[in-house]
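Undergrad: take a look and give me a structure for this.
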Amino acid sequence: MLCLCATLLNTNAAPTWAASRARGEPTSQQLRGRAFTAPAPAALKRAAITKQKDGTLLIGGRSLRCGKNRNVLDRRLPNLGLAAPGVLVFNPRELGQWSDTVRLFVFHHECGHHKVGASELGSDCWAVKQGVRDGWLTREGLAQVCRSFGGGPATDTHPSGARRCGNIDRCFATATASLAKEKAAEAKRAEAKRAAARPAATPVAASPAAAPRLIQAPVLKRDGLIADSAP
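TA: Numbers count the residues shown, from 1 in each chain. The predicted structure follows:
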C-alpha cells in the first residue's frame with residue numbers, strides 16, 4: 001500500500017483508476033455555478049478523513065473499510081471519491097469541505113458500487129441503508145447529502161441532483177421503517193426469552209376438606225312410639 005502511494009507521488013504516470021474517475025462524485029469546484037448551498041464553516045473539521053495504519057479510513061470517529069478493497073487518499077483526484085476494481089479512492093482536501101455525514105455518505109456510496117454495481121441510484125440507496133442501520137444518517141443529515149449533489153442536471157455518469165434527492169428520500173423512509181420493524185420484533189423475542197427464563201409459579205395445594213361439624217344438639221320434638229306393623 002505504501003509503495004503504491006510512493007509511486008503515485010514520485011511519478012507523472014496516471015493512477016490505475018484514472019480511466020474510471022469520471023464516475024466519481026463531483027468536487028465542490030465542479031459544483032460551482034450550479035444551484036447548491038455550500039456547507040457552513042461551523043460544520044467542517046480539519047483532518048476530516050485520515051488513513052490509519054491498518055488501512056482503514058477514519059471519518060467522524062468511525063473506522064471504515066469496504067470488504068477487502070483498499071482505501072487510497074489522493075489529493076489530485078478531481079472527484080470527492082470513486083470506486084475502481086479492488087480500490088476506493090478519496091480526495092481528503094475536497095471531502096474536508098463537507099460535514100461528517102456527507103463524508104460518511106461518500107465513503108459508503110463508493111463502497112456501494114462494490115456491492116450493487118455501477119448504478120448510482122443503487123449505490124446511493126445502499127449508503128442510506130448503512131447510515132440508518134449504523135446510526136450516522138438522520139433526516140437532517142439526509143438534507144445535507146441532498147445539498148451535496150448540487151442540484152445539477154443529469155450527466156453521462158450521474159442522474160440529476162433532484163432525482164438522486166428523491167431516491168435517497170424514499171430509501172431513507174424504507175430503511176427507517178424496516179429498522180423500526182426489526183427493533184419491534186427483537187424486543188418481542190427478548191420478552192419471550194425473559195418470560196421463558198422465569199421460574200414457573202408453584203401451585204397452591206388445596207387444603208383437605210374438613211369433616212362436617214355438629215352445630216346444634218339433637219332436640220326432641222314429641223313423645224310417642226312407633227307402632228309395630230308386623231301381624
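
Undergrad: which residue is nearest the centroid of the protein?
TA: The central residue of the chain, meaning the one whose C-alpha is nearest the mean C-alpha position (Cα atoms, centre = their mean), is residue 133 at 1.5 Å.

Undergrad: what sits closest to it if chain neighbours are left out?
TA: Nearest residue to residue 133 in three dimensions, chain neighbours excluded: residue 179, at 6.5 Å (Cβ to Cβ, 6 or more residues apart in numbering). The way it works is simple: take the backbone N, C-alpha and C, and place the C-beta from them, glycine included.

Undergrad: hang on, the one you found packs against residue 130?
TA: No. The pair formed by residue 179 and residue 130 falls short of the contact definition of Cβ atoms under 8 Å, at 11.5 Å.

Undergrad: higher neighbour count, the two?
TA: Summary of the neighbour comparison: residue 179 and residue 130, criterion other Cβ atoms under 10 Å, with residue 130 having more neighbours (20 against 14).

Undergrad: packing partners for the helix or strand hosting that one?
TA: When elements are defined using DSSP states H and E, residue 130 is found to belong to helix 120-134. Counting contacts by 3 or more Cβ pairs under 8 Å, 6 or more residues apart in numbering; DSSP states H and E, the secondary-structure elements packed against helix 120-134 are helix 100-116, helix 161-197.

Undergrad: helix/strand/coil for residue 50?
TA: Following DSSP: H, G, I helix; E, B strand; the rest coil, residue 50 is assigned to strand.

Undergrad: for it, grab the count of nearby residues.
TA: The number of residues packed around residue 50, counting by other Cβ under 10 Å, is 11.

Undergrad: dump the residue contacts of it.
TA: Counting by Cβ atoms under 8 Å, 6 or more residues apart in numbering, residue 50 makes contact with 57, 58, 92.

Undergrad: torsion angles phi and psi at residue 59?
TA: When quoted as degrees, to the nearest 10, the phi and psi of residue 59 stand at phi -130, psi 120.

Undergrad: and it, bridged to which residues?
TA: Taking DSSP bridges as the rule, residue 59 bridges to residue 49, residue 62.

Undergrad: can you read off the pLDDT for it?
TA: Predicted confidence (pLDDT) for residue 59: 96.

Undergrad: circling back to that earlier point, quick check: what element follows the helix holding residue 130 along the chain?
TA: Later in the chain than helix 120-134, the nearest helix or strand by DSSP H and E is helix 139-148.

Undergrad: quick one: residues contacting residue 116.
TA: Residue 116 makes contact with 122, 123, 126 under the criterion Cβ under 8 Å, 6+ apart.

Undergrad: pretty sure the first one contacts residue 109?
TA: Put plainly, it is residue 122. No. Here residue 122 lies out of contact with residue 109, judged by Cβ under 8 Å, at a distance of 10.0 Å.

Undergrad: which one's more surrounded, the two?
TA: Here residue 122 and residue 109 are compared on neighbour count by other Cβ under 10 Å; more neighbours surround residue 109, at 25 against 16.
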